[in-house]
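Undergrad: Provide a 3D model corresponding to the input given below.
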Amino acid sequence: MAKSRIGPFALEAPLSKQTSSGRVFSAIHLEQKKSAAVRVFPIPMGMTPESREAFAGQLEQLKQLRHRNIARCYGGGFDTRNAFLAYELVDGESLSSILKRRDKLPWESALDYSKQIAEALQYAHQMGWIHGRLRPSKVMISPSGVVKLVDWRREAIASMLDEGPVRRVHLQYMAPESIDGTIDEKTDLYALGALMYTMLTGQPVFDAEQPQQLTELVKNEPAPSVSSQVLDCPVWLNAIISQLLAKDARSRPFSATALQLAFKEAQRRQEEGVGVLQHAASGFSPLQMNVDRDEAEKVLGIKPKKKRKKSSQESIFEKTWVLLLGLAMAVAAVVWFLMPLNEQTLRERGERLLASEEWTDWNEARDTYLHEIVERFPEGEHAVWAKEKTEWVDAREIERRMDRDERHGWQDNWSPAQIRYAEAREYERFGDLATAMDKFRAIVQLFRRREEDRAIVFLANEGLARIREKGLGENALQLFLTRKLTEAQTAYDQARIIEAKLIWESIIELYSQNQDVQPLVEQAQEGLDSLNKRR
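TA: Below you'll find the predicted structure:
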């Protein structure tokens, strides 16, 4: 009989077949009544407490990935024999299922999906994440056309999800260098190019029955041109895909951001009515296009136009008064579109972006609208609002960067204010609101006059507001640590050794220099010593 529950989740219908990396189920969180997709997989033999800690740490990092085109991770854990990962349950189907049903997609749909994938990669790469396994089964698409990338991993998680030997479908979307073990941002861009090729043609870039033959093709054979098989594929889109599929990673787009710029420039020219030939002839994008007008005409099957004989009769559109009228209308239109936005419109557009859950939208609101309000309307109705929101966005940005630095161990260049804020935040996360409040207050007092630390002071004031809202009683620190020690002892008695160890270690690390709570620190040390003796 299939397992019906793991952790806080009740498992429902299976969403995938059983594989060496486990099985995915639809599930319900029993307390929160929230739907999720839960991958259940066996705990590897010989798993150490350290590897469990690494797994838990990477889960916390994975939970920080929040983007509209990335399926969110809710967490995971262990039971007696199995481990699990819980993800957002995406309402839709995989790109592989869509391609099985439809064979291939119109270039407009393929471009739309590709732009969303590029947005997800741009965000993830800036957060220090590489997907490394992009293929059609990892791309979920909702009925409304929203793309979600699934199955993000890092070393500790990937080591527990044994996918077995490299299969044919894996090789079809692997960059040449990734076959030899090099995984970075450029390998994700190659995989996106391979996905685009498959969406447009209905077949992989390279294919062979034997993995060794397929490996040779991927590493040595030039990628075929999309437009040689799909005649209505725009030349500029074919050129983007060709560059993404370059054998040499240095010849691919510099980053997902550069690819996004290319997509946006293509869309802008398309909306302006610039034809395919003009795209090819003008070298339009941040990418190296490598096409010319003759090649575009050849691909499209267009014969060179014969020169038209000059008509003896003057068309009405060639009359002077008509030309002058058209010129006047064009000038009026240019003036209209170049008129700067008023203060109210700037605020409305900024508010729409600030209402988003994505930090990229917040930055766009600040850089495009908030700064302009402050610069053009310093005494205006919305100037104070714009300054306050600018501080809020700046605070979110530095907090996000500090989170990234902590994940990678890049704290060497932190300012004194950043170091103090990280300490205060650590106490708050641990639950010691009294110490956290003292440290937040110290930050405000020490750095409030330093312009370069304005965002950190803003974050410290936010921390103070959170703690005041929760409230503090007398002897808050002693009561808090006593409660934590009780939690650790309960976990130890119930054989939740890792949980108990983490609590005791945190108390010792955070409070060993605090003389007021030394008896409680000694209790934590005794618990840790008993654990070491048990080993």
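Undergrad: Start from the N-terminal end of the stretch 1-150 of the chain and give the strands.
TA: Using DSSP state E, counting those that start in this stretch, the strands found in the stretch 1-150 of the chain span residues 5-6, 9-14, 23-29, 35-42, 73-78, 82-87, 93-94, 139-141, 147-149.
Undergrad: got a list of contacts for the last one?
TA: This points to strand 147-149. 69-71, 88, 90, 92, 113, 116-117, 120-121, 124, 131, 134, 138-142 (C-beta atoms under 8 Å, 6 or more residues apart in numbering). C-beta coordinates here come from the backbone N, C-alpha and C atoms, glycine included.
Undergrad: Just list the residues touching the closest residue to residue 136 other than its chain neighbours, thanks.
TA: In space, and not counting its chain neighbours, residue 136 is closest to residue 96: 3.6 Å by C-beta to C-beta, 6 or more residues apart in numbering. Listed by C-beta under 8 Å, 6+ apart, the contact partners of residue 96 are 135, 136, 137, 139.
Undergrad: Nearest to residue 218 among those?
TA: residue 135 (13.3 Å; C-beta to C-beta).
Undergrad: Quick check: the closest one touching residue 172?
TA: Yes: between residue 135 and residue 172 a contact is recorded at 7.3 Å, counting by C-beta atoms under 8 Å.
Undergrad: Can you tell me how far the closest residue to residue 377 other than its chain neighbours is from residue 391?
TA: Closest residue to residue 377 apart from its sequence neighbours, by C-beta to C-beta, 6+ apart: residue 343 at 4.7 Å. Relative to residue 391, residue 343 is positioned 19 Å away (C-beta to C-beta, to the nearest Å).
Undergrad: next one: residue 40
TA: On the measure of C-beta to C-beta, residue 40 and residue 391 end up 45 Å apart.
Undergrad: So those two - more neighbours on which side?
TA: residue 40 (22 against 18; other C-beta atoms under 10 Å).
Undergrad: measure the more buried one to residue 24 for me?
TA: As judged by C-beta to C-beta, residue 40 and residue 24 stand 8 Å apart.
Undergrad: got TSV for the strands of the stretch 1-150 of the chain, with distance to residue 202 too?
TA: Shown next, in TSV, are the strands of the stretch 1-150 of the chain (distance: least, C-beta to C-beta, whole Å):
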stretch	distance to residue 202
strand 5-6	38
strand 9-14	28
strand 23-29	26
strand 35-42	28
strand 73-78	32
strand 82-87	29
strand 93-94	16
strand 139-141	16
strand 147-149	19
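Undergrad: shouldn't residue 396 be in contact with residue 360?
TA: No: using C-beta under 8 Å, residue 396 is not in contact with residue 360; the gap is 11.1 Å.
Undergrad: and of the strands of the stretch 1-150 of the chain, who's closest to residue 525?
TA: Checking the strands of the stretch 1-150 of the chain against residue 525 by C-beta to C-beta gives strand 73-78 as the closest, at 26.9 Å.
Undergrad: tell me which residues in stretch 515-534 are buried?
TA: Neighbour-count burial for stretch 515-534 flags 517, 520, 521, 523, 524, 527, 528, 531 (criterion: 16 or more other C-beta atoms under 10 Å).
Undergrad: How far off centre is that stretch?
TA: 41 Å (C-alpha atoms, centre = their mean, to the nearest Å).
Undergrad: Kindly report the same for stretch 226-237.
TA: 29 Å.
Undergrad: For ChimeraX, write a command that selects the buried ones of the contacts of strand 147-149.
TA: Selection of the buried residues among the contacts of strand 147-149 in ChimeraX, burial being defined by 16+ other C-beta under 10 Å:
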select :69,70,71,88,90,92,113,116,117,120,121,124,131,134,138,139,140,141
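Undergrad: Return the subset of the contacts of strand 147-149 lying in helices.
TA: Counted as lying in helices by DSSP state H, out of the contacts of strand 147-149, are 113, 116, 117, 120, 121, 124.
Undergrad: Quick check: the nearest residue to the fourth one once chain neighbours are set aside vs residue 460, distance?
TA: To tie it back to what came earlier, the one meant is residue 120. Of all residues not flanking residue 120 in the chain, residue 69 sits nearest, at 3.7 Å (C-beta to C-beta, 6+ apart). Noted for residue 69: a distance of 33 Å to residue 460, by C-beta to C-beta.
Undergrad: Check residue 355 too.
TA: Residue 355 sits 25 Å away from residue 460, going by C-beta to C-beta.
Undergrad: Distance check, residue 250 against residue 456.
TA: Computed as C-beta to C-beta, the residue 250 to residue 456 distance reads 38 Å.
Undergrad: can you give me the helices for the stretch 201-350 of the chain?
TA: Per DSSP state H, counting those that start in this stretch, the stretch 201-350 of the chain carries helices over the ranges 211-220, 235-244, 256-271, 276-282, 293-300, 320-338, 343-354.
Undergrad: these two touch, right, residue 11 and residue 38?
TA: Yes: shown here, residue 11 and residue 38 form a contact pair, counting by C-beta under 8 Å, at 6.5 Å.
Undergrad: When those two are compared, which one has more neighbours?
TA: residue 38 (26 against 18).
Undergrad: dump the residue contacts of that one.
TA: 6, 9, 11, 24, 25, 26, 27, 84, 85, 86, 87.
Undergrad: ok, now with 7 Å
TA: Applying C-beta atoms under 7 Å, 6 or more residues apart in numbering to residue 38 gives the contacts 6, 9, 11, 24, 25, 27, 84, 86.
Undergrad: Highest neighbour count among the residues you listed?
TA: Compared across the contacts of residue 38, residue 27 has the highest neighbour count, 28 neighbours, by other C-beta under 10 Å.
Undergrad: Look at that one and report its pLDDT.
TA: In this model, residue 27 is scored at 90, pLDDT.
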